[in-house]
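**Student:** sequence first, predicted coordinates after that:
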Amino acid sequence: MEVQQNDNILEQVTTSDYKYGFYTDIENDMAPPGLNEDIVRFISAKKEEPEWMLEFRLKAFRHWQNLSEPGWAHIQYPKINYQDIIYYAAPKKKSLASLDEVDPELLDTFNKLGISLEEQKMLSGVAVDAVIDSVSVKTTFQDTLAKHGIIFCSFSEAVREHPELVKKYMGSVVPYTDNYFAALNSAVFSDGSFCFIPAGVRCPLELSTYFRINAANTGQFERTLIVAESGSYVSYMEGCTAPQRDENQLHAAIVEIVAMDHAEVKYSTVQNWYPGDKEGKGGVYNFVTKRGLCKGRSSKISWTQVETGSSITWKYPSCVLMGDNSVGEFYSVAVTNNFQQADTGTKMIHIGKNTRSTVISKGISAGRSNNAYRGLVKILPGAVNARNFSQCDSLLLGDQCGAHTFPYIEAKNETSIVEHEATTSKISEDQLFYCNQRGIDTEKAIGLIVNGYAKEVLNKLPMEFAVEAQKLLAITLEGSVG
Amino acid sequence: MSGSRSNICLKLSMKTKETTQFQDLESLLTAQFEQHSERIAEGDTPAMKSLRMKHFEAFKAVGFPDSSHEKWRFTDIESALNQDFCHELSASRSDRNIEELFRCEVHNFRSEIISVLNGWYHSENGPLFTNEDGVIYGSVKAAKIAYPELFDARYGHLAHGTANSFVNLNTAMVQDGVFIYVPKGVEASRTLQIIKMIDRDENVFVQNRQLIILEEGSKLSLMHCDDSINHHTSLVNTVTEVFVGKNAHFELYKLQNLNDASGLINNTFISQEAGSNVRTNTLTFNCGMIRNNIEVALNGPGAHADVLGLYLMDKQQHVDNQIRILHNAAHCTSNELFKGILDDEATAVFNGYIYVKRDAQKTNAYQNNKNILLKPTARINTMPFLEIYADDVKCSHGATIGQLDQEAMFYLRSRGISQSNARLLLMYAFAADVINMINIEGLKSRIDDMVKKRLRGELSVCEKCVLHCGTPEKEYHFDIDLSKL
C-alpha cells in the first residue's frame, strides 16, 4: 500500500507539467543553482520547446544521474559541484558603459591582434549599438545562404522551424549516453548552431558562429549540429580569436557532424577561452564532445583546431569512418602556458573499406602547464585496406612543464596499415642563437620558431583565421621565456 | 608417473561454487594464507614478515583485476584464473634428472644451470653456492636466512607498490625462488641460466621470486627460460627484482616457450645506478597467455637501458607486454624495441611507457613497437605512451601495424623464390632486428635457429630445454639459392 502510494507521488511529480514552485520569482530569467528534473523542464519551458525535445532532455538527465565523472584524463582540478551551477541564465551580461572600463590588459591584447574597435566592444561586453556592422553582415550573409537552400540558424530556431531534421540527426553521432559531459549537455544545453547543406551545394561562404550575434552568448552548454547532404561542401569556423573573459567556469559542448555520400565538412576551431591568471586561478573548464560521422561513401570530415585558452581542455574531436573510402583528418595545435592543462587528441574509428585517416598533433607546453595528446585509432574487422598515419609532436618550453603522449592503436584487420610516430623536444640553443645573432630578441624568436613548428596545422585553417591564430600563438607564449 | 610425491598441495577447487568462480580463487588463496601463514613465512626476517602482511592485506582488499581495469582491458585474466589449481606448500620432487635433461650443449655457449621445479629451487649444487667467479647463487629460502641484512635492505624494495594484484599475491604467498648475488667488481664469465619447469600431473598455480643483486662494477648475463614439460594447465606468477649497481653490466634474456594451456605473469623490476648498463630481451615463442610487466628505473646519471622484445604468436595465444621506463636521473638513455608477428587468432598488447622526471635533463629515450598481422583474425593493441616533465630531452616513439611488404615479396617471387619461402624470409628479416641485439654469439645463432623453426611452425613446446631443440650441429637454412638474388 505504502509502496503504491509512493509510486503515485513519484508519478505525479515526474509527469506533471511545471506549474508551481520556485520559478514564480524568476522573472529575470535565472534558474536557481542546482540540477534536477524541474530545472530541465524549466529550461525546456523557457525555450518553448516541443514535447519531444523535453523528453530527450529528461532521458539524458536520468542517464546522467547514473553516471560518474570520468577521472582517466591527465588533468587535475577540484571536484565540480554540479549543484552549485546555474544551468539557465538568459544572456544578460553586465554591460559596461565604454571601453575605458575594460581591463587594460585585455585591450592591449586586442590591439596586438588588430581587432577593430567595434569588435573590441562586442567581445569585451561593452553595450553596442544595434546597428553595428555585423548585423548587416548577418543579413546579407543569410540572404546568400538562403539562395542556396542552406539552413544556418540557432539550435532553438532549428527545433522550431525544422523539427524533422533535428529529430533525425540530433544524438545520432553523439548519443546522450555517450559520456558524462555529453549526457549533461543533452539535458541542459542552452543553445547552439544548426547547419544544413542540401545535396550538391557547395557553401559559398565560410560559415562562422562569429557572425551570428546570438552565438556570442549561448553560454555554457552549446550544441552544434551540421548535416552535409550528398555531394555538398561546407567549411565551418567556430570560436573567435580574441580572448573572451567569460564568467562561466564549466563548458560542456557537443558538436555533431553528419556527412553523406561525397560530402565534405571542414570544421575549424580557434579556442581561446580565459585560461586563468598567472597563478592558475580561475579559467574555463572546457569539456567538449565533438564527433563527425562519415556516413556516406567517399565522405570527408576534417577537424582543425588551435587550442590556446581554457584552464582545462578535455576534448577529442573524432571521426567515425563508416562509409567506404571515407576520409578523416585531424590537425591540432594545443598550446598551454602557466597552469593550463590540456588533454586533447582524436579518435579515428575505421569501419568502412578503404577508409583513411591522418592525425597531425602539435603540442606546445610552457610555464607550469601540462599538455597531453590522447588518441585512439581503431580498425574494425570490416575495414579492409584501412590506412592511418599519426604524428604527434611535443615542444617543451621551460623545465617546469610537461608533455605527454597517450596513443591507443587497436587493429583488428590484417590488411590495414597504421603508423604512429611522436617526438618530444625543445627549441634548440642553435636556433635561438641564430635568431639572436640577427637581432631578433629571444621572445620573438620563440614565437617565430613555434609558428614554424605549427605551420603544418596553421596552413589548414581558413585564411582569415590563420593570420590571427599565428598572432595568438605568440601572445599565449608571452612571458614564457626566462 | 613423474611429478611430485609426499609434498603438501592445497587444492583450490572451485567446482562447488556456481557464482563468479573468479572471486572464489581469491578467497581460497586468502584462506590458505591465513591458515598456513606460519609455514609460508618460515625463515622470514621481521621486516619480511611485515612486508608479507602489508601485501596480503592489499591483496585481500583489492583482489584480482578484471577487464574493467585499464591495465587489463585487453588481456583476459579472468579465464586464466578460472581454473582448479593446486598450490604447493612444500617443494616438489621429480624423478627426472632435470639438469642433465636441460644441459646446454650449444657451441660457443656454456651456461651454468639453476633449475627451478614448480617454483621450488632445485639445483644439484645445493641451496647456496659460490661459483669459481665468486658469484653467489641459491634458493631464496636459504639466502634469506644466510643474508638477513641484505634481504632487509633489498627484498621488496622495488616491487613495493600495492597497486599490482599479482605482486601483492606473490609477496604475500611466495616461499621460494632464486637469489643471485654478484659481489663488487666480479665479472661472471659464464651465463647463468635459470630454467623454470612446470612438471606436475595436475593444474598448478605457482608463485616464484627472484632477487638479483649486482654490486658496483660487476657483470652478469642471465638467461631465464620458462618451460613446461607436460600439457597440464599452469599459471606462474613471478616477481623479479634486480639491483644494478654503479657501472655494473647486466643482461637478461627471457625465453618463453610454454604449452598453450599455460599462463605466465612476469613482473620484473630493475633499478639502475649511475653508469650502469642493462639489456633485457624478452623472446616469446609459445604460451597460452603471457603478461610481461617490465619496469626499468634509471636512477643515476649515465645509465643506459635496452629493453627489447620479440613475440611470434599463433593459434589463440596471447601476449601482453607492459613496459615502463622511468627516467629518474639526468643524462640517461633508453632504447625500447618490441616486434611481433601474429598469425591465426593470436592477440598481442603492447603498452610502452616512458616517464621523464622533472630535472631528468638530457634524457634520450626511444620507443618503438612494430607488428605484422598475417591473418584477418589476428589482433593487436598498441599503446606507446610518453609522459615528460623535463624540457631538455629527446624522446620519440613509433608504432606500426602492417603486413609483409608486397613489393619485397614481388621482388623475391620474381627471382624464383616460392611464396612460402619468400614469406619466411621477410618475416625472418623483420625479426632479425631484435635477434641481432643479442650479445652472446653462441646464443644468438641458437635463437636465430629457433626463430626460423618457429616461423616454419616446427618449434613445438619443448619436451626439453628450448636451446636443445634439434641437433646443435644442424643449421637451419631457408631453401633459397642466394646466388639468384
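**Tutor:** Looks like it arrived, so ask away. Residues are numbered from 1 along each chain as shown, chains lettered A, B, ... in the order given.
**Student:** going forward, measure contacts and count neighbours with C-alpha atoms only.
**Tutor:** Fine.
**Student:** so the residue lying closest to A:Val457 once chain neighbours are set aside bridges to which residues?
**Tutor:** Nearest-residue entry for A:Val457: A:Tyr331, 5.5 Å, with adjacent residues in sequence omitted and distances by CA to CA, 6 or more residues apart in numbering or on different chains. For A:Tyr331, the beta-bridge partners are A:Thr304, A:Ile360 (DSSP bridges).
**Student:** quick one, what contacts A:Tyr331?
**Tutor:** With contacts taken as CA atoms under 8 Å, 6 or more residues apart in numbering or on different chains, A:Tyr331 has the following neighbours: A:302-305, A:359-361, A:457, A:460.
**Student:** list, one by one, the residues from chain B near chain A.
**Tutor:** B:358-359, B:372-403 (CA under 8 Å from any CA of the partner chain).
**Student:** strands - which of these land there?
**Tutor:** Within these, residues falling in strands by DSSP state E are B:372-373, B:379-388, B:393-402.
**Student:** B:Gly161 versus the closest residue to chain A within the stretch 51-200 of chain B, what's the distance?
**Tutor:** Among the residues of the stretch 51-200 of chain B, B:Glu70 lies nearest to chain A; the distance is 9.2 Å by CA to the nearest CA. Distance of B:Glu70 to B:Gly161, given as CA to CA, to the nearest Å: 17 Å.
**Student:** same check, this time on B:Val307
**Tutor:** Taking CA to CA as the measure, B:Val307 and B:Gly161 are separated by 22 Å.
**Student:** ok, now B:Ile198?
**Tutor:** B:Ile198 sits 28 Å away from B:Gly161, taking CA to CA as the criterion.
**Student:** which of these two has more neighbours?
**Tutor:** Ranked by neighbour count (other CA atoms under 10 Å in any protein chain shown), B:Ile198 and B:Gly161 place B:Ile198 first, with 28 against 13.
**Student:** tell me what B:Asn208 is bridged to.
**Tutor:** With DSSP bridges as the criterion, B:Asn208 is bridged to B:Thr238.
**Student:** next up, the contacts around it.
**Tutor:** B:119-120, B:170, B:174-177, B:236-239.
**Student:** so A:Val457 sits in a helix?
**Tutor:** Yes. Using DSSP: H, G, I helix; E, B strand; the rest coil, the assignment for A:Val457 is a helix.
**Student:** I figured it hits A:Ser332, correct?
**Tutor:** Yes. Contact status for A:Val457 versus A:Ser332: in contact at 6.2 Å, counting by CA atoms under 8 Å.
**Student:** so what sits against both of these two?
**Tutor:** Taking CA under 8 Å, 6+ apart as the contact rule, A:Val457 and A:Ser332 both touch A:304, A:360-362.
**Student:** what pLDDT does the model give the closest residue to chain B within the stretch 1-150 of chain A?
**Tutor:** Closest approach of the stretch 1-150 of chain A to chain B (CA to the nearest CA) occurs at A:Trp72, with a separation of 9.2 Å. A:Trp72 is assigned 85 on the pLDDT scale.
**Student:** would you mind measuring from it to B:Glu202?
**Tutor:** Taking CA to CA as the measure, A:Trp72 falls 41 Å from B:Glu202.
**Student:** quick one: which of those two has more around it?
**Tutor:** Just comparing A:Trp72 and B:Glu202: by other CA under 10 Å the higher neighbour count belongs to B:Glu202, 15 against 7.
**Student:** now the contacts of B:Asn208 as a markdown table including pLDDT, secondary structure and neighbour count?
**Tutor:** As requested, these are exported to a markdown table (pLDDT from 0 to 100; DSSP: H, G, I helix; E, B strand; the rest coil; neighbours: other CA atoms under 10 Å in any protein chain shown):
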| residue | pLDDT | secondary structure | neighbour count |
| --- | --- | --- | --- |
| B:Gly119 | 85 | coil | 27 |
| B:Trp120 | 87 | strand | 27 |
| B:Asn170 | 93 | helix | 22 |
| B:Val174 | 91 | coil | 23 |
| B:Gln175 | 90 | coil | 27 |
| B:Asp176 | 91 | coil | 23 |
| B:Gly177 | 92 | strand | 27 |
| B:Val236 | 91 | strand | 21 |
| B:Asn237 | 92 | strand | 22 |
| B:Thr238 | 93 | strand | 24 |
| B:Val239 | 95 | strand | 25 |
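**Student:** what about stretch B:356-365, how long is it end to end?
**Tutor:** The stretch stretch B:356-365 measures 9 Å between its terminal residues, going by CA to CA.
**Student:** what packs against the longest helix along chain B?
**Tutor:** Scanning chain B for the helix with the most residues, using DSSP state H, yields helix B:21-40. Packing partners of helix B:21-40 (3 or more CA pairs under 8 Å, 6 or more residues apart in numbering or on different chains; DSSP states H and E): strand B:9-12, helix B:46-62, helix B:77-81, helix B:165-173.
**Student:** about what we covered before: reformat the contacts of A:Tyr331 as a markdown table; add neighbour count and pLDDT.
**Tutor:** Output for the contacts of A:Tyr331, formatted as a markdown table (neighbours: other CA atoms under 10 Å in any protein chain shown; pLDDT from 0 to 100):
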| residue | neighbour count | pLDDT |
| --- | --- | --- |
| A:Ser302 | 24 | 94 |
| A:Trp303 | 25 | 95 |
| A:Thr304 | 25 | 92 |
| A:Gln305 | 24 | 90 |
| A:Val359 | 24 | 94 |
| A:Ile360 | 22 | 93 |
| A:Ser361 | 28 | 93 |
| A:Val457 | 21 | 85 |
| A:Lys460 | 19 | 82 |
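**Student:** and those, which is closest to A:Asp261?
**Tutor:** Each of those was scored against A:Asp261 by CA to CA, and A:Ser302 proved nearest at 15.1 Å.
**Student:** now whichever helix or strand B:Ile212 is part of, how far from the centre of its chain.
**Tutor:** When secondary structure is defined using DSSP states H and E, the element that contains B:Ile212 is strand B:204-214. For strand B:204-214, the separation from the chain centroid amounts to 11 Å (computed by CA atoms, centre = their mean, to the nearest Å).
**Student:** do stretch B:361-378 as well
**Tutor:** Stretch B:361-378 sits 18 Å away from the centroid of its parent chain (CA atoms, centre = their mean).
**Student:** and stretch A:343-357, by the same measure?
**Tutor:** What separates the centre of stretch A:343-357 from the centre of its chain is 19 Å, taken as CA atoms, centre = their mean.
**Student:** any idea how far A:Ser318 is from A:Ile254?
**Tutor:** Computed with CA to CA, the distance linking A:Ile254 and A:Ser318 is 12 Å.
**Student:** so what sits against both of those two?
**Tutor:** Common neighbours of A:Ile254 and A:Ser318 (CA under 8 Å, 6+ apart) are A:Lys290.
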